[in-house]
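Engineer: Sequence first, then the predicted structure:
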Amino acid sequence: MPDGSFDTSALADVKQLAVELKAASDAVLKARDVTQNEMRNLGLVTGETKQRVDEALLKQNELQARIDDVEQKMARRNGAAEPAAAKSIGQQVVEAEAVKAYMSSKPRGSVKVALKAITSVTTDTDGNGGVLIRPDRRPGLLELPQLRMTIRDLIMPGQTDSNNVEYLRETAFTNSAASVPELELKPESTMRFDMVNTPVTTIAHWVRASRQVLDDAAQLRSIIDERLRYGLRLEEEAQILAGTGTGGDLQGILPLATAYSAPITITGATGLDRLRLAILQVQNTEYPATGIVMHPNDWAGIELSKTDDGAYLFANIQGTVTPRLWGLPVVTTSRITAGTFLVGAFRPGAQLFDRQDAAVEVSTEDRDNFIRNAVTVLAEERLALAVYLPQAFVTGTVTGA
C-alpha cells in the first residue's frame, strides 16, 4: 500500500515549489523586458542585465528539476507503471487488432498491416524504435555493439507520394569563374542537365507455412522480423548497387559510375593505392568522396595486411572497429562482386526515396493454401533511387596494377 503521509508531504512540497517557480518565471519575464528595452534604446544588453537573466533562468531550471524529481518519486511510490517498451515490427503485426481478430476467427481471406520503418533506437517519435534496446546494467564499462553499415546509410534519405520520381541529372559543368577587370566582359560557365524519370520499384517476397502458425505468435514474429524484412534489405542493397533500371529494377549506381583511371602515376600501385587514387579521381570532379563500398573478402584482405615483422597494419584483433580507410567509412556487402570497389560522393550524388515502408500481409486465399491448411506471409516495400551525379562515382578493381 502506498504511504499516504509521504504523498501529503510530497504534495505540499510540490505546491511550495510551484509558488517559487511562478516567482522565478516572473523574474525571467521581467528580465526579458529589460533586455528588449536595452536593445531598443542602447543597441546592446548591459553586463548587469545579462547576469540577471542568467540567474533568473538558472533559478527557474533548478525549481523545475526539483518539481520533476518530487513528482517522479510520488509516481513510483504510488505504483506507477514503467513506460512500455517499444515493439518490434513482428510484435506490431501480432498485436494489431486486425490480426488478433483474424487469428481468433480463422476465416478465409487476408489481413494487411502497414508498418513504419525503424530509423532510430533512441527516440520515441513515430517511425523510431524508442526504447527498443532495454539496458542490462552491469558494473564497469561495456563496449557498444557495432552494427554493420549499409549502403542506405551512405545515401541521402527521402520520401515520395508518387509512383514516379522526376529529377535533373547533371551531365556536364564547365567552371569559367575568374577575376574580371573593370568594363570587361564576365566569363560564362556552362552546365548541362538531363531530365530523368525513375519509377518506384516494388521489392517483395513471401513464405508459406502451416496454418497453425496463426496460433503461434512467436513463430509468426520470427518469420517477419528475422527473415522477410532482412531479405528485403539484402535485395534493396543489391539493386542500389547494380540495378539495371529495366524489368522493374532500380537504376543502380555501378552501371552509371565512371571507370577507374589513376589521376597520377604510382609505380607498383597496390590495392590500397588504387583506392586512394579513386578517391582522388572523385575529388577531381569537385565533389568530396564520402564512402567506399567493397566485398567482405576484400576488406578482410586489407585488415589482414601485415608489416614485415608480422604486425597488423589496420586490424585490432582484440576488438571491433568501424571500417574506415583513407578517412572514409567502408561499407562491406556481398552484393558487390569480390574484387570490385565503388568510391563516390554518395551523400550529394544519390538519394533514396521511400514510397512505402515494410508492409506485411497474411493470407489464406490461395486455393493450395486452403486445401493444404497453409498460410502465405508476404513482405514488400516500395522505393525509388535517383542518381544525381554519375560522374561523382568511380568503380574499379581492388587488386594491384
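Structural biologist: Nice, thanks for sending it over. Residues are numbered from 1 along each chain as shown.
Engineer: Name the nearest residue to R276, sequence neighbours excluded.
Structural biologist: Excluding its sequence neighbours, the residue lying closest to R276 (C-beta to C-beta, 6 or more residues apart in numbering) is W326, at 5.3 Å. C-beta coordinates here come from the backbone N, C-alpha and C atoms, glycine included.
Engineer: now the one you found: how far from Q281?
Structural biologist: Distance check for W326 against Q281: by C-beta to C-beta, to the nearest Å, it reads 13 Å.
Engineer: Looking at those two, which one has more neighbours?
Structural biologist: Q281 (22 against 14; other C-beta atoms under 10 Å).
Engineer: check which helix or strand covers the more buried one.
Structural biologist: helix 271-283 (DSSP states H and E).
Engineer: and what of R335?
Structural biologist: Going by DSSP H and E, R335 is not part of any helix or strand.
Engineer: how close does it get to M294?
Structural biologist: Applying C-beta to C-beta to R335 and M294 gives a distance of 11 Å.
Engineer: taking the mean pLDDT, what do you get for stretch 232-246?
Structural biologist: Mean pLDDT, stretch 232-246: 90.
Engineer: how far does that stretch sit from the chain's center?
Structural biologist: Chain-centre distance of stretch 232-246: 18 Å, with C-alpha atoms, centre = their mean, to the nearest Å.
Engineer: Just read off the phi/psi values of L232.
Structural biologist: Here is the backbone geometry of L232 (degrees, to the nearest 10): phi -60, psi -40.
Engineer: So which residues make contact with stretch 256-269?
Structural biologist: With contact meaning C-beta atoms under 8 Å, 6 or more residues apart in numbering, stretch 256-269 is reached by 273-274, 277-278, 280-281, 284, 342, 344, 387, 390-391, 393-397, 400-401.
Engineer: of the residues you listed, buried ones?
Structural biologist: Using 16 or more other C-beta atoms under 10 Å as the burial test, those include 274, 277-278, 280-281, 342, 344, 387, 390-391, 393-396 as buried.
Engineer: for stretch 353-362, what is the average pLDDT?
Structural biologist: Per-residue pLDDT values over stretch 353-362 give a mean of 84.
Engineer: any idea whether the closest residue to V165 other than its chain neighbours is helix, strand or coil?
Structural biologist: Excluding the flanking residues, the one nearest V165 by C-beta to C-beta, 6+ apart is A384, at 4.5 Å. Secondary structure assignment for A384 (DSSP: H, G, I helix; E, B strand; the rest coil): strand.
Engineer: I'd like to know how many residues surround A384.
Structural biologist: A384 has 23 nearby residues by other C-beta under 10 Å.
Engineer: Next, count neighbours for D368.
Structural biologist: D368 has 9 neighbours, counted by other C-beta under 10 Å.
Engineer: can you check the one 5 residues further on too?
Structural biologist: Using other C-beta under 10 Å, N373 has 10 neighbouring residues.
Engineer: count of residues packed around the residue nearest to it when sequence neighbours are not counted?
Structural biologist: Residue nearest to N373 in three dimensions, not counting chain neighbours: R211, with 4.6 Å by C-beta to C-beta, 6+ apart. If you count neighbours by other C-beta under 10 Å, R211 ends up with 14.
Engineer: who touches R211 in this structure?
Structural biologist: Contacts of R211 by C-beta under 8 Å, 6+ apart are 106, 364, 369, 373-375.
Engineer: closest to Q51 among those?
Structural biologist: Closest to Q51 out of the contacts of R211 is V375 (69.9 Å), distances taken as C-beta to C-beta.
Engineer: which intervals of the stretch 251-400 of the chain have sub-threshold pLDDT?
Structural biologist: Within the stretch 251-400 of the chain, the segments meeting pLDDT under 70 span 316, 318-321, 400.
Engineer: And the strands in it, which stretches?
Structural biologist: Applying DSSP state E, counting those that start in this stretch to the stretch 251-400 of the chain gives strands spanning 258-259, 291-294, 324-325, 328-332, 340-344, 350-363, 374-387, 393-397.
Engineer: Same list as before, those that is, but in JSON lines and with distance to T267 included.
Structural biologist: Shown next, in JSON lines, are the strands of the stretch 251-400 of the chain (distance: least, C-beta to C-beta, whole Å):
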{"stretch": "strand 258-259", "distance to T267": "21"}
{"stretch": "strand 291-294", "distance to T267": "23"}
{"stretch": "strand 324-325", "distance to T267": "21"}
{"stretch": "strand 328-332", "distance to T267": "24"}
{"stretch": "strand 340-344", "distance to T267": "21"}
{"stretch": "strand 350-363", "distance to T267": "34"}
{"stretch": "strand 374-387", "distance to T267": "35"}
{"stretch": "strand 393-397", "distance to T267": "18"}
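Engineer: Sounds good, over and out.
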